[in-house]
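Visitor: just coords:
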């Protein structure tokens, strides 16, 4: 299959491109290095340097024998995205090309505007490009479990049958997100759902939880193939940040009571989930939605797991409850379904002591590169 | 009250500005003449020429003694919107400043992109400006009944209590719109609802149906004070278009079976609804939603009303069913609630034979200006 990965330089985009390439798919990546630029501007570079796409692709070709075609440019620019779609002619598109950080989207007006404009105009151009150049192509869009927020009812996979005054209809599951970033993902779903109905697009919208991890089957022994590993409060996801805090000997920062529950997954599961969605495409005119996570934990549970694994390695790991800088429920009901991807055959990777030991060990090798004042920047939602 | 009308040059914006001004409010308008530019580009100018805001304001001052302050510029531009908010310091904002036409939003990629970018970036800047310059100000936002689409269940006013697996919660009423324009209004609601929860904004979101009519209590006898009157399929709403077709002696164009039902209102009711919302503001931290229409009709019923009124005036009015260029249900359940604004005291204006006679008479006076090939441009949703 010819697969175009939008945002192919990102934490998940690059490992996805390698993963699909290693399974014999013809892969191209498009990226404008937005995440790199934002991290540099905010002085929150990742733990180790990551080569640019040309160097990554050369390394991948040297180690695997497979190649990946790069397109460097801004997908908001119609001339650029047209060129990508006409030159590569994809059968499927994996769309990661969004500003991916909730805290960044809440940083200030400029960051909020960038998030809104980037994310909305890229999904729009993606839809218009598929419509114009490859209307039968399958769009696999990364959404987020955060679209649902933390409702007081069970979370179904994307849809809900509603009965009201004796009449029934199936609707998109009600959505109310906890950050502007997550709200742009709701808007993406609004837009996809509209054009699926009008233009019979073929779309899978993956409601993904927070991802953790560094290694995939393709990263191998060459560190040049590793994804970004951010550990700051802007771009670093919570478990990755906790691992760095444990290694650096600073307390794990839990916001508020720590009862916030989310559905987590290993980066390896992201790749398998996305591949399974590609290999089992949605129908023309279908918006198919899967909830993409493996296990649910509270933040307190995550902190305890890192503490236990760190202590076993001889680290002294403390946990500190900070005043919550976000506007969110710190204790809440959370019961999301996630059977769709398992039904497609996923063998999940769980957050075991082994996984944590491996992450802690790797970060320890890079411990001298940790810049501790990157970890907590006091970005508040208010 | 100091009221800032965003989009104050529009079909509804200008009459709203006069209406509030005539009731003693201090009014400013902001507009970038986007609608004028788009109508000119698409060769669908309104029935009669409308003077620019400076001339309208001078005329209004001469006839009423009241003045209105104009700000000409693009609300997507932060420098401009900051200047408006710091110079005028509103107590309330009425936000009409969006690309308002569903068919225009479906015309082509360029029009779609403009609609999405304009509408989203203006609502975002409005939110950020309120947050920065006047956090207690009341935002009265024009949404649309089209956000709900035509669900097979009763439409409540904005919210729905959902019971699922024995648990209950109140959510935004499920939304699925019939055009990109309507979808941008869903996104506006998503964005407002997020920032209401995080920043305690004070918002009323008015889900308005299609508006008809020309005259308000303030338009008086000076034609320079009249709003735009578009009769084309892009910017002309259905009843206004039917009236022009009746006068021009060309068949009323009903799309498909004509069973499409919507909630309509006279332009006079728009002004009263908006004023009532302003005079009875939402609470801080509240997203209050009203369904803003007066009567529901099918398109066939509207056509029959125009036909009857036209025949009584000696016109020969035919009705023609065209193949539907839109993707929409032509026969559907439709039962929307709309008690909120009536509870605030609105005295509604119904679509009587008198109202139609007055519209037909006025358009007859301008009949030589009708350009018939503006009426149907074959804009399709597919």
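Guide: Noted; the coordinates are in hand. In this text the structure is predicted, and so the values were computed from the model without any measurement.

Visitor: check which helix or strand covers residue A:69.
Guide: strand A:68-72 (DSSP states H and E).

Visitor: other SSEs contacting that strand?
Guide: Applying 3 or more CB pairs under 8 Å, 6 or more residues apart in numbering or on different chains; DSSP states H and E, one finds that strand A:68-72 contacts helix A:13-22, strand A:26-31, helix A:53-64, helix A:78-88. Every C-beta, even on glycine, is put in place using the N, C-alpha and C of the backbone.

Visitor: mind checking which of these is nearest residue B:374?
Guide: Among those, the nearest to residue B:374 by CB to CB is helix A:78-88 (28.5 Å).

Visitor: quick one: mean pLDDT over whichever helix or strand comes after that closest one.
Guide: Downstream of helix A:78-88, the first helix or strand assigned by DSSP H and E is strand A:92-95. Across strand A:92-95, pLDDT averages out at 98.

Visitor: strands paired with strand A:92-95, and their directions?
Guide: strand A:2-6 (parallel), strand A:138-144 (parallel) (DSSP bridges).

Visitor: tell me the angle of the shortest one relative to helix A:13-22?
Guide: This points to strand A:2-6. 170 degrees (axes from the mean of the first three to the mean of the last three CA atoms, to 10 degrees).

Visitor: what angle sits between strand A:2-6 and strand A:26-31?
Guide: 20 degrees.

Visitor: for chain A, which segments count as helices?
Guide: A:13-22, A:34-41, A:53-64, A:78-88, A:102-105, A:109-133, A:180-199, A:238-248, A:267-279, A:299-312, A:340-343, A:353-365 (DSSP state H).

Visitor: what angle do the longest one and strand A:26-31 make?
Guide: Read that as helix A:109-133. 150 degrees.

Visitor: and helix A:109-133, what's buried?
Guide: Buried residues in helix A:109-133, defined by neighbour count with 16 or more other CB atoms under 10 Å in any protein chain shown: A:111-131, A:133.

Visitor: around residue A:221, how many other residues sit close by?
Guide: 6 (other CB atoms under 10 Å in any protein chain shown).

Visitor: and the gap between it and residue A:313?
Guide: For residue A:221, the distance to residue A:313 (CB to CB, to the nearest Å) stands at 22 Å.

Visitor: test my guess that residue A:76 contacts residue A:120.
Guide: No. Residue A:76 lies out of contact with residue A:120 (CB atoms under 8 Å); the separation is 9.3 Å.

Visitor: tell me who's in contact with the closest residue to chain B within the stretch 201-350 of chain A.
Guide: Of all residues in the stretch 201-350 of chain A, residue A:327 sits closest to chain B, at 4.8 Å by CB to the nearest CB. By CB atoms under 8 Å, 6 or more residues apart in numbering or on different chains, the contact list for residue A:327 reads A:178, A:381, A:382, B:197, B:198.

Visitor: can you lay out those as TSV showing distance to residue A:43?
Guide: Listed next are the contacts of residue A:327 as TSV, based on distance: CB to CB, whole Å:
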residue	distance to residue A:43
A:178	25
A:381	21
A:382	23
B:197	30
B:198	25
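
Visitor: and the lowest-mean-pLDDT helix or strand in chain A, what does it pack against?
Guide: The helix or strand of chain A with the poorest confidence is helix A:340-343; it has a mean of 86 (mean pLDDT, DSSP states H and E). Contact partners of helix A:340-343 among helices and strands, from 3+ CB pairs under 8 Å, 6+ apart: helix A:267-279, strand A:286-292.
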